[in-house]
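1. I need the structure of the sequence given here:
(chains A and B)
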Protein chains: 2
Amino acid sequence: MGQHKTEEFRKVNVLMKVPALRDGSFTLAESIAILLYLVQKFKTPDHWYPADLQKRARVDEYLSWQHINIRAKGSKLFLSKVLLPLITGQPLPPEKLEFATEELNVALKQFEEKFLQDKPFIAGSEVSLADLVALVELMQPVCAGYALFEERPALAAWRRRVEEAVGKELFLEAHQEIMNVKNLTADQFAPELLENFKQQLLKQN
Amino acid sequence: MGQHKTEEFRKVNVLMKVPALRDGSFTLAESIAILLYLVQKFKTPDHWYPADLQKRARVDEYLSWQHINIRAKGSKLFLSKVLLPLITGQPLPPEKLEFATEELNVALKQFEEKFLQDKPFIAGSEVSLADLVALVELMQPVCAGYALFEERPALAAWRRRVEEAVGKELFLEAHQEIMNVKNLTADQFAPELLENFKQQLLKQN
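-> Coordinates of the predicted model:
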């Protein structure tokens, strides 16, 4: 944990964040850019990033929107519920947790009404990168203990469809670490990393 | 001003934000998704969104990174310096303004070191959507009175290259409204819109 804060990793991504990709001498940061690169490089099945202009626009629209909505609010709740208490040794004040939950709820409502609507998937009848990115981000607050799918049957049905499209085993494998996040203890972090996280988190909250 | 908060506009974008595109019965939100749609629909010259996999990845990398960096920090400074004082009738406390400026400076440093480096443009030797999006966002804090290009000669040279690539007249035309933003007065906003803005801004700051 924390290998992305080393000098060795700086050569792959000067921003020192994960994920990052190295393909020969070519390096690339930003998860969305990496996914688009992989889809095009390996010519994956069309539905992941459709050639059809309007379907592709639906995927791009979600991938653009999610940064400051599902992603930002989902991560914030995850940090607030799990990492911040772990690192500071104190639970977050209830009103801050409530505010972070409320912000995520607003994004979830927009996600349902604007992006999913009554379609099986964001781009229509088939799964795409947009669904993949959306579900992976939502697993952060879920694994932090916010059972957001329980009171949202349409979202829960969409989650099952995405899991089936990806394959349940692969889905579980990919989420194994984050599913165990509640078992993390502060001594699993290097002290300087802990201090670094602490400063960053306190600044944001 | 504020036409995007009407019911008529809701039909184009249920998120009620600008920009939004309507092409026949197809509607699309999110500026990045709209640019990608237009580039592909009108088959614009390759350099705007290169077919070359690695050059395209450089554009996607910037377009993904900018959301929570240049865009978020640039808008925040703009709101803090111009809109919030206008709407509340009071200047922002200096320490808040300083913090917003410092956050933008961090993003500007990453932009220079990671994205621009010593290349003429973000994707290499030719202008792309990434440069366009970057410069348009930076014009927000500039028009709010933060002369960020003055102490950054490499960025200033890049700005001149982008302006020339776009065409200086078109560039000026596109920025006319924002360049006059300091002449805005509160009575140019409808009262309910003003109240709406005020609530939103106060929540964020």
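2. C-alpha from now on. contacts and neighbour counts both.
-> Will do.
3. so what's A:Lys55 up against?
-> Counting by Cα atoms under 8 Å, 6 or more residues apart in numbering or on different chains, A:Lys55 touches A:Ala123, A:Gly124.
4. so what's the backbone phi/psi at it?
-> phi -70, psi -40 (degrees, to the nearest 10).
5. how far away is it from chain B?
-> 10 Å (Cα to the nearest Cα, to the nearest Å).
6. what does A:Trp48 give?
-> Applying Cα to the nearest Cα to A:Trp48 and chain B gives a distance of 16 Å.
7. next, count neighbours for that residue.
-> 21 (other Cα atoms under 10 Å in any protein chain shown).
8. grab the nearest non-local neighbour of it.
-> Leaving out its chain neighbours, the residue that sits closest to A:Trp48 by Cα to Cα, 6 or more residues apart in numbering or on different chains is A:Ser128, at 3.9 Å.
9. over to A:Trp65?
-> What sits nearest to A:Trp65 in space, not counting adjacent residues and going by Cα to Cα, 6+ apart, is B:Glu30, at 6.5 Å.
10. report how many residues lie close to the one you found.
-> 21.
11. for it, what are its contacts?
-> For B:Glu30, the contacting residues are A:Glu61, A:Ser64, A:Trp65, B:Val18, B:Pro19, B:Ala20, by Cα under 8 Å, 6+ apart.
12. how about A:Gly74?
-> Taking Cα under 8 Å, 6+ apart, we find A:Gly74 in contact with A:Leu104, A:Glu137, A:Leu138, A:Gln140, A:Pro141.
13. CA atoms only for the longest helix anywhere in chain A, dumped as CSV, please.
-> The helix that spans the most residues within chain A, counting by DSSP state H, is helix A:94-110. Extracted in CSV, the C-alpha atoms of helix A:94-110 (Å, rounded to 0.1, in the frame of the first residue of the first chain):
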residue,chain,number,x,y,z
PRO,A,94,-22.3,13.2,12.5
GLU,A,95,-23.3,16.4,10.7
LYS,A,96,-20.3,16.1,8.3
LEU,A,97,-21.2,12.5,7.6
GLU,A,98,-24.8,13.5,7.0
PHE,A,99,-23.8,16.3,4.7
ALA,A,100,-21.5,13.9,2.7
THR,A,101,-24.3,11.4,2.4
GLU,A,102,-26.8,14.0,1.3
GLU,A,103,-24.4,15.2,-1.4
LEU,A,104,-24.0,11.6,-2.7
ASN,A,105,-27.8,11.2,-2.7
VAL,A,106,-28.3,14.2,-4.9
ALA,A,107,-25.8,12.7,-7.4
LEU,A,108,-27.5,9.3,-7.2
LYS,A,109,-30.9,10.9,-8.0
GLN,A,110,-29.4,12.6,-11.1
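14. quick check: mean pLDDT of it?
-> Mean pLDDT, computed over helix A:94-110, is 95.
15. how far away from the center of its chain is that helix?
-> 16 Å (Cα atoms, centre = their mean, to the nearest Å).
16. could you check the angle helix A:94-110 makes with the helix or strand just after it?
-> Of the helices and strands lying after helix A:94-110 in sequence (DSSP states H and E), the nearest is helix A:129-143. For helix A:129-143 against helix A:94-110, the angle by axes from the mean of the first three to the mean of the last three Cα atoms, to 10 degrees is 150 degrees.
17. please list the residues outside helix A:129-143 that contact it.
-> Residues from elsewhere that reach helix A:129-143 (Cα under 8 Å, 6+ apart): A:35, A:48-49, A:59-60, A:62-63, A:66, A:70-71, A:74-75, A:77-78, A:121-123, A:147-148, A:159, A:162, A:175, A:178-182.
18. same check on stretch A:163-178?
-> A:Val127, A:Met139, A:Gln140, A:Cys143.
19. pull out the buried residues from the contacts of helix A:129-143.
-> Among the contacts of helix A:129-143, those buried by neighbour count (16 or more other Cα atoms under 10 Å in any protein chain shown) are A:35, A:48-49, A:59-60, A:62-63, A:66, A:70-71, A:74-75, A:77-78, A:121-123, A:148, A:159, A:162, A:178-179, A:181.
20. how confident was the prediction at the residue lying farthest from the centre of chain A?
-> Centroid-distance maximum for chain A: A:Ser25 at 27.1 Å, with Cα atoms, centre = their mean. Listed pLDDT for A:Ser25 reads 94.
21. in contact with the residue nearest to A:Ala100 when sequence neighbours are not counted, which residues?
-> Leaving aside its sequence neighbours, A:Ala100 sits nearest to A:Leu77 (Cα to Cα, 6+ apart; 5.6 Å). In this structure, A:Leu77 makes contact with A:Leu97, A:Ala100, A:Thr101, A:Leu104, A:Pro141, A:Ala144, judged by Cα under 8 Å, 6+ apart.
22. so A:Ser64 versus chain B, what's the distance?
-> In terms of Cα to the nearest Cα, A:Ser64 sits 7 Å off from chain B.
23. can you count the residues close to that residue?
-> Counted with other Cα under 10 Å, the neighbours of A:Ser64 add up to 21.
24. who's in contact with it?
-> A:Ser64 neighbours (Cα under 8 Å, 6+ apart): B:Glu30, B:Ile32, B:Ala33, B:Ser64.
25. grab the two from those that are most spread out in space.
-> Maximum pairwise distance among the contacts of A:Ser64 (Cα to Cα): 12.4 Å, between B:Glu30 and B:Ser64.
26. nearest to B:Ala186 among the contacts of A:Gly74?
-> A:Leu104 (31.5 Å).
27. I'd assumed A:Ser75 was in contact with that closest one.
-> No: at 9.4 Å, A:Leu104 and A:Ser75 do not qualify as touching, with contact defined as Cα atoms under 8 Å.
28. which residues sit against stretch A:94-104?
-> A:Asn69, A:Ile70, A:Lys73, A:Gly74, A:Lys76, A:Leu77, A:Ser80, A:Lys81.
29. spatially, which residue comes closest to A:His47, not counting chain neighbours?
-> A:Ser128 (5.6 Å).
30. need phi/psi at that neighbour.
-> Note on A:Ser128: backbone dihedrals following degrees, to the nearest 10 are phi -140, psi 180.
31. over to A:Thr27?
-> According to degrees, to the nearest 10, A:Thr27 has phi -120, psi 150.
32. also A:Ala29?
-> Per-residue torsions, A:Ala29: phi -110, psi 180 (degrees, to the nearest 10).
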